[in-house]
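In: generate a structure from the sequence data that follows.
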Amino acid sequence: MGRKRSPENQNLPRGMIYNKKADTYYLRAAGQKDIRLGKTIHEAFRNYYAYAEINYECRTMFDLINRYMKEVSPTKAKDTHKSNIAAAKNLIKRFGSMNPTMVRARHAYQYLDLRAREGAPVRGNREFALLSTLMTHAVRWGIIDCTPFNGIIRNPERPRDRLVLDEEIDVFFKYCPRWLQLYIELKLATGLRQTDMINLSSKDWCENEGLKVQTSKTKVRIQYNYCDYLANLVSELKEINGYRNVAKRRMPILHWYFFASHASSKRDKPLTASGIRTAWNKAMTKALASGELKPEQRFQERDLRAKAASDCESIAQASELLGHSNLGTTKRVYRRGYAKVEALKPVAEKGIDIKQRIEKER
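Out: Residues are numbered from 1 along each chain as shown. Prediction:
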């Protein structure tokens, strides 16, 4: 029997160790020097899946998670892969030593209840989603015959229902730099996710057809038809980011990002999510400090996507704008406020004689 792992290493995957003296995580394998994985647990897990060997037999859930994280998760969107890394860490802790053929629905319910008691019911749902995906791939890879998680009821979730008003945006707008104002206007016009917004570039714009985008999360292709409003936004963005000063002359850039990094050494790269968050928080702090925007009126960047959907005339239009394949998702998460419908009128007010209608029905 091998030596028992120290307390700080007990919940780490096979081969990963934590060196307290160096405050660093390493990958230890037989016959080779320890590989440095990083200072933080998140960095260590990210690098671990790049170096660790895959056990294709998948005798344990750890082997299954390891294979998925090396083969499948890196092909997902960047944020999805990052979320999977965090979820995998908790799944390894609770399921790592189990045999995939022994996992049952009751284990999923026990895990969801546990995460709810720990104060993370929604996070538990996300981790279960990864667990369910793992078992689906286990069927595909011939490890199990069928997935055990059909019909699982997840922890209750309450979708965010903050509906931003035009007046609140107008106040916040005054405290934003011009590029952030253009960001807000373009997001309200398209409803694009933040990841897709910061990756917009000159190659996505066509003077004759409009703005063409393939969404990063769902890979849906959307064309926002050309109009003067969109053209004016893109034109102003080009004035900000589409030129480079060379020998005191403004030279046009062949390929430029709508929202480029403000660092002089990275002008040819898109702004990061961190950069958006920093600029947003600065503007929001100023708006709240002015007293024009009340603390309870604070809103987030992601609320703009929901507002774009809520401003649409119908669910169908909102679903097309956001690139959803399921109307239920649009209605549940992104359509906020009140649904506008026409009230039913008495038959007499419609110009139909009630007696004639009764006689016709007979």
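
In: where does the stretch 151-300 of the chain dip in pLDDT?
Out: Scanning the stretch 151-300 of the chain for pLDDT under 70 picks out the ranges 262-267.

In: switch to 90 and redo it
Out: Across the stretch 151-300 of the chain, the ranges flagged by pLDDT under 90 are 157-163, 207-208, 215-220, 242-255, 260-270, 272-274.

In: domain map for the chain?
Out: Residue ranges for the domains of the chain, per automatic domain parsing: 7-140, 166-298.

In: make a markdown table from those and add distance to Ser319 to it.
Out: Quick note: C-beta positions are derived from backbone N, CA and C, even for glycine. Conversion of those to a markdown table gives the following (distance: least, Cβ to Cβ, whole Å):
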| stretch | distance to Ser319 |
| --- | --- |
| domain 7-140 | 20 |
| domain 166-298 | 10 |
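
In: quick one: closest of those domains to Cys146.
Out: In this view, the domains of the chain are compared for proximity to Cys146 by Cβ to Cβ, and domain 7-140 is the closest at 6.2 Å.

In: now the terminal residues of that closest one, how far apart.
Out: End-to-end distance of domain 7-140: 36 Å, with Cα to Cα, to the nearest Å as the criterion.

In: now that domain: average pLDDT?
Out: Looking at domain 7-140 alone, the average pLDDT works out to 88.

In: ok, now which ones touch Ile144?
Out: Listed by Cβ atoms under 8 Å, 6 or more residues apart in numbering, the contact set of Ile144 reads 100-101, 135, 138.

In: pull out the buried members of those.
Out: With neighbours counted by 16 or more other Cβ atoms under 10 Å, the contacts of Ile144 contain buried members at 100, 135, 138.

In: verify the stated contact: the first one with His137.
Out: No - counting by Cβ atoms under 8 Å, Pro100 stays clear of His137, with 10.2 Å between them.

In: anything in contact with each of those two?
Out: Common neighbours of Pro100 and His137 are listed as Leu64 (criterion: Cβ under 8 Å, 6+ apart).

In: and the contacts of Ile144, which is closest to Ile169?
Out: Lowest distance from Ile169 to the contacts of Ile144 (Cβ to Cβ) belongs to Met135, with 43.7 Å.

In: the closest one contacts Phe149, correct?
Out: Yes - at 6.0 Å, Met135 and Phe149 qualify as touching, with contact defined as Cβ under 8 Å.

In: state the number of residues packed around Ala309.
Out: Neighbours of Ala309 under the rule other Cβ atoms under 10 Å: 22.

In: helix, strand or coil: sort out it for me.
Out: Three-state assignment for Ala309 (DSSP: H, G, I helix; E, B strand; the rest coil): helix.

In: go on, Ser235?
Out: Following three-state DSSP, Ser235 is assigned to helix.

In: quick check: longest helix of the chain.
Out: Across the chain, the longest stretch assigned as helix under DSSP state H is helix 121-140.
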